[in-house]
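[1] let me see the structure of the following:
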Amino acid sequence: MSARLDHATTSGTFSLDGETHEVDNNVWVLGDDEQCVVFDAPHDVSTVRDLVGERECVGILLTHAHDDHVRMAPELSEALEAPILLNPADREVWQLTHGDLPWDGDVTDGDMFTIAGVDLEALHTPGHSPGSTCYYVAELGAVFSGDTLFQGGPGATGRSFSSRETIEQSVRERLFALPEDTVVHTGHGPDTTIGAEKEAARGEWL
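    Model prediction:
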């Protein structure tokens, strides 16, 4: 297995419901020396291009459509000649940033992608947004959680299109069903593990 994970952080803003906040986003690129996929398209196309290098990017997998994760998606797609893939349940959220501009392909629960000899499984985990989707890579013992799960618990749900009850159900039923040693690569902040977050949730909301 030749798969490797490249990481960087970009800085910019997140805007929703009339508020704008400064945020740092993780950029994750999974692949080998020939091909890769990119998770999300935050803030800075050049940073993502540097991580991709000369490799063929076969897809930009969006974990959800909040503007700090998708604002640069059309420009990044053009730069990398790669399709933008999004769960269509996030259509209204996408339209807040990009209007009627379409993305390239839909991602639905259970969809499988193969890159660098490893399989990625799309897990629909609504709550932070209606179409929030995590990507589980069993061979690497890792899940890319977007803003569904962080070190310290589920993502924020105090804004439009979000639901605390729904995100807790998604994490409980989909992510906490993964092996406890699974590493969680988040959309913001440090990595964590399924086991650590499950333990922290006990007695709180689990």
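
[2] how about the helices of this protein, start to end?
    45-52, 67-70, 73-80, 91-98, 164-170, 194-201 (DSSP state H).

[3] minimum distance to E19: which of the ones you listed has it?
    helix 67-70 (11.8 Å; Cβ to Cβ). In short, each C-beta sits where N, CA and C put it, glycine included.

[4] which residues of this protein score low on pLDDT?
    1 (pLDDT under 70).

[5] let's go with 50 and repeat that
    Judged against pLDDT under 50, the chain has no low-scoring part.

[6] which residues of it fall in strands?
    Assigned by DSSP state E, the chain shows strands spanning 4-16, 19-31, 35-39, 56-61, 84-86, 105-106, 112-115, 118-124, 133-137, 142-146, 149-150, 153-154, 183-186, 192-193.

[7] only the C-alpha atoms, please, for the fourth one, written as PDB.
    Backbone C-alpha positions of strand 56-61 (Å, rounded to 0.1, in the frame of the first residue of the first chain) are rendered in PDB as follows:
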ATOM      1  CA  GLU A  56      -3.500  13.900 -11.000                       C
ATOM      2  CA  CYS A  57      -6.300  14.900  -8.700                       C
ATOM      3  CA  VAL A  58      -9.200  12.700  -9.400                       C
ATOM      4  CA  GLY A  59     -11.700  14.400  -7.100                       C
ATOM      5  CA  ILE A  60     -12.400  17.200  -4.700                       C
ATOM      6  CA  LEU A  61     -14.500  15.600  -2.000                       C
END
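
[8] change the start of the numbering to 32 and stick with it
    Okay, residue one is now 32; in that scheme the one you just asked about reads as strand 87-92.
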